[in-house]
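In: Sequence and predicted model, in that order:
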Amino acid sequence: MLLLLTLALLAGATCRAQNVLANNIGTYFYIVDEGKGEIKSIRIFYTAARRLKGIQLQFQNHWSDVHGIRSKYYEEFLLNDGEHVIKVLGTVGHCLDSLTFITNKGIEFSFGKNKGRPFEESGGPDQHLQTVSGVYSHICLQGIGFKWTYNTTKPPREPMTIPDTDKEKEDSKDKDKDKDEDKDEHKEKTKRKKK
């Protein structure tokens, strides 16, 4: 029984790591995003040699835990309202060497050094980055995976004016009444002039 439980746990970790680009040997992580809103900022921690060693995401006003290793060397990329990551480029050797995030506004922001084997990931049309997962060791980020979601925000529609047909009918009646009164006044004036 214990053997089956151990195999099930190992299989679960392997399945999760299959979605990780680059190396999948190390400690697996998944940044939980549910109910916290959309990504507003991405923070990457470095070694002194500029190897990627940790990652942290901000969802609205909430920062996730640091996954990997925190460092005094880091950079941060802030997304504007309505801006989403739609593609990620990267390179990998023994560690994850670089990441470039590309937004729907055409902005690119790169972390790390562009060396090693390249990779590219996107969710496809009308999708943006929801969160990330990956693997880290005591030295650096080893690999990374991306979860994509469909855009749910639609551009605001122009306000539509619905005519008030009852009001239009009243206005029309008032205009007709005014015309009739004008005609009556005109007739009365004409009669007076004739006298």
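Out: Alright, I've got the coordinates.

In: surely N114 meets S98?
Out: Yes - using C-beta atoms under 8 Å, N114 is in contact with S98, at 4.8 Å. The way it works is simple: take the backbone N, C-alpha and C, and place the C-beta from them, glycine included.

In: for the protein, which spans come out with low pLDDT?
Out: Across the chain, the ranges flagged by pLDDT under 70 are 1-18, 22-23, 152-195.

In: Can you show me the helices along it?
Out: Counting by DSSP state H, the segments of the chain that form helices are 2-17, 165-194.

In: which residues are common contacts for N114 and S98?
Out: T91 (C-beta atoms under 8 Å, 6 or more residues apart in numbering).

In: So which of those two has more stuff around it?
Out: With neighbours defined as other C-beta atoms under 10 Å, N114 and S98 compare such that S98 has more, 20 against 13.

In: Which parts of the chain belong to which domain?
Out: Listed by automatic domain parsing, the domain ranges of the chain are 2-150, 161-195.

In: from these, which stretch is densest packed?
Out: Neighbour counts (mean count of other C-beta atoms under 10 Å) averaged over each of those peak at domain 2-150, with a mean of 17.

In: which residue sits closest to C95, ignoring its sequence neighbours?
Out: C140 (3.6 Å; C-beta to C-beta, 6 or more residues apart in numbering).

In: residues contacting that neighbour?
Out: T47, R51, L52, K53, G68, I69, H94, C95, L96.

In: Surely the second one and G112 touch.
Out: Yes - taking contacts as C-beta under 8 Å, R51 lies within contact range of G112: 7.0 Å.

In: got any residues that touch both of those two?
Out: In contact with both R51 and G112: L96, D97, using C-beta under 8 Å, 6+ apart.

In: Provide a list of residues in contact with the closest residue to Q127 other than its chain neighbours.
Out: Sequence neighbours aside, W148 is the residue nearest to Q127 in space, at 4.3 Å (criterion: C-beta to C-beta, 6+ apart). By C-beta under 8 Å, 6+ apart, the contact set of W148 is S122, G123, G124, Q127, H128, L129, Q130.

In: gap between W148 and Y136?
Out: Per C-beta to C-beta, to the nearest Å, W148 is found 22 Å from Y136.

In: cool, L52 as well?
Out: In terms of C-beta to C-beta, L52 sits 9 Å off from Y136.
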